[in-house]
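> Sequence and predicted model, in that order:
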Amino acid sequence: MSATPPAPTTSTPPATGTPPATSANAGADAPRFAADVALGTVLAEGVDLSRMAVSRFLAGFTEGNRTSQAPRLPNHCAWNLGHLAWALNRNASRLEALIEGRNEPVAPGMGGLPESDFVDGPRGDAQRFGVGTISFGSIPADDPDAYPGLSRCVDIFNAACGRLSAACRRASNEHLAQPVPFLGQQMPFRAAVLFMIFHNGDHCGQITDMRRALGFPGVLG
């Protein structure tokens, strides 16, 4: 006589609106994120994440090596942080103007830059980057006195990321769709923000190259 097969087991489906427990959401402390978010929030999160990524690669840099150059490598750590802060502030200023109803370009020189963090001229000082030392076309020099100290460099970079992130969160989809001249062509401002996120990553790669040249340990493995 053959054995009677066991009755199939059933499970009670989760209540409507409650996702089943998985490795990604199991546990009472698992974070829950909104599924329907504004475009500006998504862009702001991208800026914030790129800031976090850059910060991971700053371990090992000090006051003594923040302006160290290496053969065949273009930009030292202090220059990279200042250059990124320069670009982020100028684009944040442009987006702030769009939000306020002014679709106008940022003036050259100190346009869009906070005077607490930048000074117009060929050299910076202990608290501020000199625009001439970190803008496009500038040539980094192993001259510590021409750049802020390392912690000040990091503070200025973080503040610039925060400024652009805050502007993105304020911006509507219509603001982010406004056409602006960027990289020699017209594009929606949202594309300019995406490029700023990529720009942070690009210079993170330059910092990584400098880390290798200075004999620092790896960061990601």
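Alright, I've got the coordinates.
> in this protein, which spans are helices?
For the chain, the helices defined by DSSP state H occupy 39-56, 77-99, 131-134, 150-170, 173-176, 189-213.
> Tell me which of those lies nearest to Leu220.
For the helices of the chain, proximity to Leu220 was assessed by C-beta to C-beta; helix 39-56 is nearest, at 8.0 Å. In this view, the C-beta of every residue, glycine as well, is placed from N, C-alpha and C.
> What mean pLDDT does the closest one get?
In this model, helix 39-56 carries a mean pLDDT of 97.
> what's it in contact with?
If you take C-beta atoms under 8 Å, 6 or more residues apart in numbering as the criterion, helix 39-56 is touched by 81, 84, 88, 154, 157-158, 161-162, 164-166, 168-173, 175-176, 190, 193-194, 196-197, 200-201, 203-204, 207, 219.
> now the helices of the chain in JSON lines, with distance to Asp117 and mean neighbour count?
As requested, these are exported to JSON lines (distance: least, C-beta to C-beta, whole Å; neighbours: other C-beta atoms under 10 Å):
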{"stretch": "helix 39-56", "distance to Asp117": "15", "mean neighbour count": "18"}
{"stretch": "helix 77-99", "distance to Asp117": "7", "mean neighbour count": "24"}
{"stretch": "helix 131-134", "distance to Asp117": "11", "mean neighbour count": "22"}
{"stretch": "helix 150-170", "distance to Asp117": "5", "mean neighbour count": "20"}
{"stretch": "helix 173-176", "distance to Asp117": "25", "mean neighbour count": "16"}
{"stretch": "helix 189-213", "distance to Asp117": "17", "mean neighbour count": "18"}
